[in-house]
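> sharing a model prediction with you, sequence too.
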Amino acid sequence: QKEVEQNSGPLSVPEGAIASLNCTYSDRGSQSFFWYRQYSGKSPELIMSIYSNGDKEDGRFTAQLNKASQYVSLLIRDSQPSDSATYLCAVTSGGGADGLTFGKGTHLIIQP
Amino acid sequence: EPEVTQTPSHQVTQMGQEVILRCVPISNHLYFYWYRQILGQKVEFLVSFYNNEISEKSEIFDDQFSVERPDGSNFTLKIRSTKLEDSAMYFCASSGTGEHQPQHFGDGTRLSIL
């Protein structure tokens, strides 16, 4: 059974600070890793993807991957109130037809 | 920017009836997926579809469910003999070819079984 674990939160961060979100996964065969943002009642929106060990930066977002530790993280710099949402970690083995395995998500609250 | 579109946005159905949820994937994408999210729970994979056939399905996707690509643009999920526990958000997603392609989600259909 493939599992993706996330701390459900809520994680409360002051505006302008760095928010750090973490995720662990059970399947060592996982090859592709994604962070989605989901506002209440809305669909998952792709934020970041990462496939290789190390860091990947895109604007205010940095994804970090450590396959040996089976650990993925997302850093959000200069957090804004609009970043308040649930952040979903999703993994797949990398094949085109493979479904994503999602974590339950971390509820992030940015305090103005 | 191209997007996945789903209709209807909300479907209310009596228990035991059949429902069809519709999706138009992004036009140059070849992989299609259905997911569901029961209120307060995580997003769960149902099925993936490629080259006009099912590629992978989860334990949830039993004989009650079926998928079809009836034409060149639509992708449908049919749920037969609906049950109360089928009430959920159903998301369609699509992705391009090649390794590590991300899946892009539609806005979802909220299915309510009475």
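Yep, that arrived. Just so you know, these numbers come straight off a predicted model, no measurement behind them.

> buried residues of the helix or strand bottoming out on mean pLDDT in chain B, list them for me.
The least trusted helix or strand in chain B, going by mean pLDDT, DSSP states H and E, turns out to be strand B:53-57, with a mean of 95. Along strand B:53-57, these residues count as buried under the neighbour rule (16 or more other C-beta atoms under 10 Å in any protein chain shown): B:55-57. Bear in mind the C-beta positions are built from the backbone N, C-alpha and C, glycine included.

> do stretch B:18-31 as well
Of the residues in stretch B:18-31, those buried (16+ other C-beta under 10 Å) are B:19, B:21-26, B:29-31.

> what are the contacting residues of the least confident helix or strand of chain B?
A:97-99, B:31, B:46-49, B:67 (C-beta atoms under 8 Å, 6 or more residues apart in numbering or on different chains).

> now, the residues you listed that are in strands?
Per DSSP state E, strands hold the following members of the contacts of strand B:53-57: B:31, B:46-49, B:67.

> so which of the buried residues of strand B:53-57 comes closest to A:G54?
Distances from A:G54 to the buried residues of strand B:53-57, taken as C-beta to C-beta, are shortest for B:E56 (29.0 Å).

> for that closest one, which non-adjacent residue is closest in space?
Leaving aside its sequence neighbours, B:E56 sits nearest to B:S48 (C-beta to C-beta, 6 or more residues apart in numbering or on different chains; 4.7 Å).

> verify the stated contact: that neighbour with A:A97.
Yes - if you go by C-beta atoms under 8 Å, B:S48 and A:A97 touch, sitting 4.5 Å apart.

> now do the shared contacts for the two.
The contact lists of B:S48 and A:A97 share B:31, B:55-56, where a contact means C-beta under 8 Å, 6+ apart.

> that older thread, B:S48 and A:A97: who's more crowded?
Using other C-beta atoms under 10 Å in any protein chain shown as the criterion, B:S48 and A:A97 rank with B:S48 on top: 26 against 20.

> so the more buried one bridges to which residues?
B:Y33, B:E56 (DSSP bridges).

> near chain A, which residues of chain B show up?
B:30-31, B:33, B:35, B:41-50, B:55-56, B:58, B:89, B:91, B:95, B:97-108 (C-beta under 8 Å from any C-beta of the partner chain).

> now the nearest residue to A:S30 once chain neighbours are set aside, what's its secondary structure?
Counting by C-beta to C-beta, 6+ apart, A:V91 is the residue found nearest to A:S30 once chain neighbours are left out, at 4.4 Å. Secondary structure state of A:V91, per DSSP: H, G, I helix; E, B strand; the rest coil, is strand.

> distance of A:V91 relative to chain B?
11 Å (C-beta to the nearest C-beta, to the nearest Å).

> isn't that residue up against A:V4?
Yes - with contacts counted by C-beta under 8 Å, A:V91 reaches A:V4, the gap being 5.8 Å.

> shared neighbours, the two?
Taking C-beta under 8 Å, 6+ apart as the criterion, A:V91 and A:V4 both touch A:25, A:101.
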